[in-house]
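Peer 1: pasting a predicted model and its sequence here:
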Amino acid sequence: MCRPDLDAVLAVERAAYVFPWSREIFEDCLKAGYSCWLGEIDVTIVAYGVMSVAAGECQIFNLGVHPDRQGRGLGRRMLRHLLRLARRRKAETAFLEVRVSNAAALALYRAEGFCEVGRRRNYYPAPNGREDALVLALELMTDEAEF
């Protein structure tokens, strides 16, 4: 992902989330040097992922798939891509936050081995106030191919 991609990324973000990230947040992630990736189908951006890796930890900040493309494995592919990169950068644990109401994302993360390690009360804005976030973690093992 780079700056010229942000209009398309924002279109996906706004379609996927009621409370989307702003352009400024994505720009800050790019400036900070976070690992920002795109998923494309026929040169159309349909998914993205944003993470950082530092001090042996991976933090997945955002992973989005356009609603018209959800349920086809794109989110899983992006998540696995980010986790492969984190392993290569020697991260030992991956963390992320997810809305308690985001059943599809929770199912994906749990299927990929993430476990709940905490809860952030009133973390996200919600239509009727605030909503909790679950903090999930995954211990990153070395890929079998690297043994």
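Peer 2: Nice, thanks for sending it over.

Peer 1: who's the residue nearest to the spatial centre of the chain bridged to?
Peer 2: Nearest to the mean C-alpha position of the chain, by Cα atoms, centre = their mean, lies residue 63 at 2.8 Å. Here residue 63 sits in beta bridges with residue 49, as judged by DSSP bridges.

Peer 1: if I look at it, what pLDDT would I see?
Peer 2: On pLDDT, residue 63 comes in at 97.

Peer 1: gap between it and residue 41?
Peer 2: In this view, residue 63 and residue 41 are 16 Å apart by Cβ to Cβ, to the nearest Å. All C-beta atoms are positioned from the backbone trio N, CA, C, and that covers glycine.

Peer 1: again, but for residue 33
Peer 2: Note on residue 33: its distance to residue 41, by Cβ to Cβ, is 27 Å.

Peer 1: check residue 62 too.
Peer 2: 19 Å.

Peer 1: the two - which one has more neighbours?
Peer 2: residue 62 (20 against 12; other Cβ atoms under 10 Å).

Peer 1: tell me who's in contact with the nearest residue to the more buried one once chain neighbours are set aside.
Peer 2: Nearest non-adjacent residue to residue 62, counting by Cβ to Cβ, 6 or more residues apart in numbering: residue 50, 4.4 Å away. For residue 50, the contact set (Cβ atoms under 8 Å, 6 or more residues apart in numbering) comprises 1, 26, 29, 34, 35, 36, 37, 60, 61, 62, 63.
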